[in-house]
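Asker: Here is a sequence together with a model predicted from it:
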Amino acid sequence: MRYVNNQRERYHFKFNGMLGEDAKQDRVFDVVAKDVVLGALEGVNGTIFAYGQTGSGKTFTITGGPDRYSERGLIPRSISLIFGEAEKRSDHTFLIHISYSEIYNDAIYDLLDPDREVEDLEDLPRVRVREDEEGNVVMQNLRTCRASNEEDALALLFLGDTNRTISETPMNMASSRSHCIFSVIVEARKIGEDVVRRSKLNLVDLAGSERVKKMGIDGNTLVEARYINLSLHFLEQVIVALQERSIGHSRPHVPYRNSAMTLVLKDSLGGNCRTSMIANITFEQMHVDESISTCKFAQRVAMIANEVVVNEELDPQLVIKRLKKEVHDLKEDLRMLKGEEADRGPLTEEERERLGKDVAEYCADTSPEATLTITGGMLFVNAGGVFAKCDKDVQEYIQKLRLQIEQRDNEINVLVALLQKEKGNRIGEATFSDNSKQPQPVNEPKQPKADMNTAANGGASQSNKDHADLTNVDALVDRNKSFELFRKSYRRNQAIEDNKTTLRDKYEAAKAKGKQLNEAKEKINQLKAMIEQIRIKRSVARIVDRSMEDEPIETDPEEIKAKAALEKEKSKYKEAFYALRELKKEIEHLQMLLEQSRVRLQKDFELWLRLTARQQQESRVLHPHDDNSAADAEPSTALSVDCSQQTNTNAQRKVAWAENERPGATQDSQKNALGISNAYLQHLGLSDVDLKAVEAARPFLTGNSEADRDIIKFYEARAKLLKAYPQ
Ligand SMILES: Nc1ncnc2c1ncn2[C@@H]1O[C@H](COP(=O)(O)OP(=O)(O)OP(=O)(O)O)[C@@H](O)[C@H]1O
């Protein structure tokens, strides 16, 4: 700790590890997530959550980048590890379910909704969260979908992400203004045992932890920001309470119930859960305050000690199954001992004789090890009086079996009652649905309002209710042209094109591997047939020529050669098989990325269209006789602009950024510039909510046109001024 001018200059934090800017996603996964995910397979609950300021890379870490396969985040990597391990553990059976929810303004929404035409968040089903009598958190109305394999699980992730993208408002397009929780519910049973292990793995992407004060925001944006800050504040309160508790302060209450987010994450925070927190920070000087506050928060979280146990219990279903089998076997024994026969004819003379002999021998044998083995179909035969000697023993044994059966039946009844009660409890808490019943998310991705081609072809199906005012704008008459124009200069177009090329290459590679696989398979079959032939020939030769009988089989040079070739082909086959499997995964991932890019491109296009229309209308109103209304006035660096008389909005707009950049600008002149920017917005009837739309549009405003450059500069300048002089 160091102080300069009474200001703290240095901070020291101690964490489990630090990953630099150049850390790749696979390393992040290995360091942060791998153990937690493997724990979930062993019945230990796990949570991984990312916390940090807006834009620090939380979504990138948890879900992944939008462009490349190598940028897959913790969720797809965890899915891959879970199903890879499940396949390896052949002595276990695994049952995997997925849920995916979003918390926005303290309300929880189910992102795995396959049915509806989602246009905004309110179209998604609402989830209620409550605690049961034992304090367990119950999510009511949250869909929990079965995933039989990795593809199913990825398709569900994709479905949720697509719903998330579609339901984003322009205000939150540039950043996630909600918390998202992707959960994997694992049930593992060892074959032949009655025990089941259950665990839940949560991967949580929290909303950005700052912003309200810096942006002069109002309306929905302010409400949204308040909710985010409030829930993060409650999260902090929970962490502080837990921290105090962990260092021995007796604190009666941990305020989980203050917000939906803290309640949902109750177990992850201070409960039975192995929790990893990722503190995402930005190194830039201007974000140093947020970075320090993120580190402080992480430091507190690091001090909480959770108590983790393996969630293991007897599975009533399995016990019932085993007991039923036992009862069945006992009944069979009983029937046999009572001499009840299934429909078999009478013993033959020969059987009678043999049975009589065996029984006589058994009865004559006085040693305790004496056994009677009855073979063939005689097991259920009424052997007449042959058991007379052992009758008393048999009666006792029968009685014992009866008692055992009764006991087992009782156990079954108790377990069935238990199971019914449990089922009753679960009804209404979560909807378990078999994924196979849902529309396949991969092959039939959620269709946005209109697809890329529809948009390019006139967008007849496009909902125009928001854009009715666009119809008179010349530049927007031809949506085809507009779309093409937009697409070409779209910031992410290059990444989309690159992905298309990669996808084509991967298809080619998969085709080549498929060919290799088939060739190896064919050769394996040929070699097997060849070895078979060699063996037949040799056997025939041995029969014909008795002198060959002594020749050792293993040294047949022809067979040895064929076997070596077979081994070689088998390893080629294996190599091609695994390569093809990897390629398949990569191809599917790329397909999903492209589909998501398509959805986002369409949304961005709509937003751009709206902004362009607004710009043009603005120009027409202000310059009705000026065809070249975009002509610029020089940016004014002198703050003599009187905004009440100012009609040239371009100049008015430029004042803000010019003043912001001007060397030697004073506080007063900058505040004045901010005032002018306010007046500018007011003059146009724009609010900061609209400005947020501009902000959202910024990443894809290319800066190629003067108007675009203007908006970008204005937005940047206003953001900086607001940061310096919060209103
Ligand atoms: N490690 C990285 N490598 C490359 N790009 C990254 C990395 N981390 C983040 N980015 C990029 O930075 C931008 C912001 O990241 P991201 O959206 O993940 O931030 P965030 O913390 O989730 O923000 P918010 O809280 O606003 O949602 C994105 O465009 C993302 O692709």
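Answerer: Great, that's in hand. Numbers count the residues shown, from 1 in each chain.
Asker: hang on, S101 packs against V127?
Answerer: Yes - S101 lies in contact with V127 (Cβ atoms under 8 Å); the separation is 5.8 Å. C-beta here means a position set from N, CA and C on the backbone, and glycine is covered the same way.
Asker: the more surrounded of the two?
Answerer: S101 (25 against 22; other Cβ atoms under 10 Å).
Asker: can I assume that one sits in a strand?
Answerer: Yes - assigned with DSSP: H, G, I helix; E, B strand; the rest coil, S101 falls within a strand.
Asker: which residues does it contact?
Answerer: By Cβ atoms under 8 Å, 6 or more residues apart in numbering, the contact set of S101 is 108-111, 127, 139, 142, 180-181, 183, 264.
Asker: on contacts alone, who are the packing partners of the longest helix seen in the chain?
Answerer: Longest helix in the chain by number of residues (criterion: DSSP state H): helix 557-622. Secondary-structure packing of helix 557-622 (3 or more Cβ pairs under 8 Å, 6 or more residues apart in numbering; DSSP states H and E): helix 150-167, helix 452-456, helix 479-489, helix 493-544, helix 688-697, helix 706-724.
Asker: Of these, which is nearest the ligand?
Answerer: Proximity of those to the ligand was assessed by Cβ to the nearest ligand atom; the nearest stretch is helix 493-544, lying at 10.3 Å.
Asker: Three-state assignment for T275, please.
Answerer: Three-state assignment for T275 (three-state DSSP): strand.
Asker: swap that for V138, please
Answerer: strand.
Asker: That one touches V127, doesn't it?
Answerer: No - in this structure, V138 is not within contact of V127 by Cβ under 8 Å, at 10.4 Å.
Asker: what's the closest non-adjacent residue to S78?
Answerer: Of all residues not flanking S78 in the chain, V37 sits nearest, at 4.7 Å (Cβ to Cβ, 6 or more residues apart in numbering).
Asker: Give me the contacts around the helix or strand harbouring that neighbour.
Answerer: Using DSSP states H and E, V37 sits in helix 34-41. Helix 34-41 has contacts (Cβ under 8 Å, 6+ apart) with 46-48, 78, 81-82, 85-86, 89, 94, 184, 186, 188, 199-201, 274-276, 308.
Asker: Give the PyMOL command for selecting the buried subset of those residues.
Answerer: To isolate the buried members of those in PyMOL, using 16 or more other Cβ atoms under 10 Å:
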select buried, resi 46+47+48+78+81+82+85+86+94+184+186+188+199+200+201+274+275+276
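Asker: quick one, phi psi at the residue lying closest to L230 once chain neighbours are set aside?
Answerer: Excluding the flanking residues, the one nearest L230 by Cβ to Cβ, 6+ apart is S259, at 6.7 Å. For S259, the backbone dihedrals (degrees, to the nearest 10) come out as phi -140, psi 160.
Asker: Was I right to think S259 contacts N105?
Answerer: No - assessed by Cβ under 8 Å, S259 is found out of contact with N105, at 10.6 Å.
Asker: Counting neighbours, go ahead and name the busier of the two.
Answerer: S259 (22 against 16).
Asker: can you pull the contacts of the closest residue in space to S70 that isn't next to it in sequence?
Answerer: Nearest non-adjacent residue to S70, counting by Cβ to Cβ, 6+ apart: Q25, 6.7 Å away. When contacts are counted by Cβ under 8 Å, 6+ apart, Q25 touches 61, 64-65, 70-73, 77.
Asker: all strands of the stretch 251-400 of the chain, in order?
Answerer: All strands of the stretch 251-400 of the chain, identified by DSSP state E, counting those that start in this stretch, fall at 274-280, 312-314.
Asker: err, the stretch 1-150 of the chain, not the other one
Answerer: Using DSSP E, counting those that start in this stretch, strands in the stretch 1-150 of the chain cover 2-4, 7-10, 46-52, 92-104, 107-110, 126-131, 137-140, 142-146.
Asker: Sheet partners, orientation included, of the last one?
Answerer: The partner list of strand 142-146 in its sheet, established with DSSP bridges, is strand 92-104 (antiparallel), strand 430-433 (parallel).
Asker: what do you get for the fifth one?
Answerer: Here strand 107-110 has these sheet partners by DSSP bridges: strand 92-104 (antiparallel), strand 126-131 (antiparallel).
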